[in-house]
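# Build me a model from this:
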Amino acid sequence: MMIDHSDGPSRSLQQCSNSLQQRAEDGNNGLGCFHLIYLPSEVLILMLSCLGIQECESSVKLVSKAFRALCDSQSLWREHCQQTGKLNSQQFICHNFDYKRLYYTTPCVPIDFTSIDEALKQYPNVCHKSTNSSFTITLMPGVYQERIQIKHTEMRKRGQMDHYNIQICAAFPEIGAAIIHYNEENMNLPCISLQQSRSGERVSLTLKHLHVLHFTKGNDIWSGNCALQVDGVNMTAIMTACSFQSDSGRGVGKF
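Numbers count the residues shown, from 1 in each chain. The predicted structure follows:
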């Protein structure tokens, strides 16, 4: 089943209002003193999704069994995934899909982590809990000023698989996100680098809906003066709807 991103809490305000009125008339002494839990579940899920994961897990679910059930519901976790673009990273979703697991295995920057580098450090934790070597990071709309280094030797420490697939994508494709590396101190440094050791494992880096801007001292593209550097025969970069601009070297370099 393909994802329907428009699916979600679908009751109209008029339907919710009618539901509240009916519940009040059923013995709750009027609208002035009904309990919050009497709100339709669709409305409660939207309210809880605005609080964030930490508040729901540490506070709200401790209020009552009813709120605990709501905080653990797949409907709420689906809403969290939709708000952070994690649903956009999935091509297909089957029946009984585990949205809570998707949320915790797909870091979102800066919601879950403050930087892309911090999110990449979660790769070993995800691979340890799953046989899947794929790892996705979503970026909320904004500008991220950092240099991304993905080294094969680090991947090897994080798992014992022969193929690693890392995906960095904009949480919302229609808006995108930008990664900028501007350095006037060091020579010939790429903005995004994918480097391999002498081992034979393969590493794939997929970038989607990103704008990469680069400038560094020097003019040697063979030493890394480019926006994206792919170094190694088993290193692969896949780019979808991305733009690369280097004001000092080359946009993309494959060595």
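
# which helices and strands does whatever helix or strand residue 119 lives in pack with?
In this assignment (DSSP states H and E), residue 119 forms part of helix 116-120. When contacts are defined as 3 or more CB pairs under 8 Å, 6 or more residues apart in numbering; DSSP states H and E, helix 116-120 packs onto strand 108-109, strand 134-139, strand 148-151. All C-beta atoms are positioned from the backbone trio N, CA, C, and that covers glycine.

# Show which residues not belonging to it make contact with it.
107-109, 112-113, 137, 139, 144, 146, 148, 150, 166, 168, 179 (CB atoms under 8 Å, 6 or more residues apart in numbering).

# I'd like to know which of these is nearest to residue 215.
Checking the contacts of helix 116-120 against residue 215 with CB to CB, the nearest one is residue 179 at 12.8 Å.

# The stretch 151-255 of the chain: strands as residue ranges?
163-170, 177-187, 192-195, 202-208, 210-217, 226-231, 235-240, 243-246, 250-254 (DSSP state E, counting those that start in this stretch).

# Residues contacting the third one, please?
If you take CB under 8 Å, 6+ apart as the criterion, strand 192-195 is touched by 147-152, 179, 203, 205, 207, 212, 224, 227-232, 235, 237.

# Then the fifth one?
Applying CB under 8 Å, 6+ apart, the contact partners of strand 210-217 are 139, 168-170, 176-192, 225-228, 242-249, 251.

# Next, count neighbours for residue 219.
12 (other CB atoms under 10 Å).

# what's the least confident helix or strand in this structure, going by average pLDDT?
Every helix and strand in the chain was compared by mean pLDDT, DSSP states H and E; the lowest is helix 152-158, with a mean of 51.

# Quick check on the contacts of strand 192-195: which are buried?
147-148, 150, 152, 179, 203, 205, 207, 212, 224, 227-232, 235, 237 (16 or more other CB atoms under 10 Å).

# Just want to check the distance between the closest residue to residue 108 other than its chain neighbours and residue 210.
Spatial nearest neighbour of residue 108, excluding adjacent residues (CB to CB, 6 or more residues apart in numbering): residue 84 at 4.1 Å. Taking CB to CB, to the nearest Å as the measure, residue 84 falls 16 Å from residue 210.

# Could you do residue 145 as well?
Taking CB to CB, one finds residue 145 at 14 Å from residue 210.

# More neighbours: those two, which one.
residue 210 (21 against 12).

# beta partners of the more buried one?
Bridge pairing for residue 210 (DSSP bridges) gives the partners residue 177.

# Kindly report the same for residue 226.
residue 250.

# For the protein, give me the ranges with low pLDDT.
Counting by pLDDT under 70, the chain shows low-confidence ranges at 1-34, 89-94, 124-132, 152-162, 197-200, 253-255.

# Mind doing that once more with 80?
1-38, 88-95, 122-133, 151-163, 196-201, 219, 221-223, 232-233, 249, 251-255 (pLDDT under 80).

# Any idea which residue is closest to the centre of it?
residue 138 (2.6 Å; CA atoms, centre = their mean).

# Wait, it touches residue 108, no?
Yes. Proximity of residue 138 to residue 108 meets the contact threshold set by CB atoms under 8 Å, at 4.7 Å.

# dump the residue contacts of the residue nearest to residue 147 when sequence neighbours are not counted.
Spatial nearest neighbour of residue 147, chain neighbours left out: residue 181 (4.8 Å); criterion: CB to CB, 6+ apart. Residues near residue 181 by CB under 8 Å, 6+ apart: 145-147, 189-191, 213-216, 227.

# In contact with the nearest residue to residue 115 once chain neighbours are set aside, which residues?
Nearest residue to residue 115 in three dimensions, chain neighbours excluded: residue 146, at 5.7 Å (CB to CB, 6+ apart). Shown in contact with residue 146 (CB under 8 Å, 6+ apart): 115-117, 179, 181.

# And residue 236, by the same measure?
Residue 236 touches 202-205, 230, counting by CB under 8 Å, 6+ apart.

# Is it bridged to anything, and to what?
Going by DSSP bridges, residue 236 forms beta bridges with residue 204.
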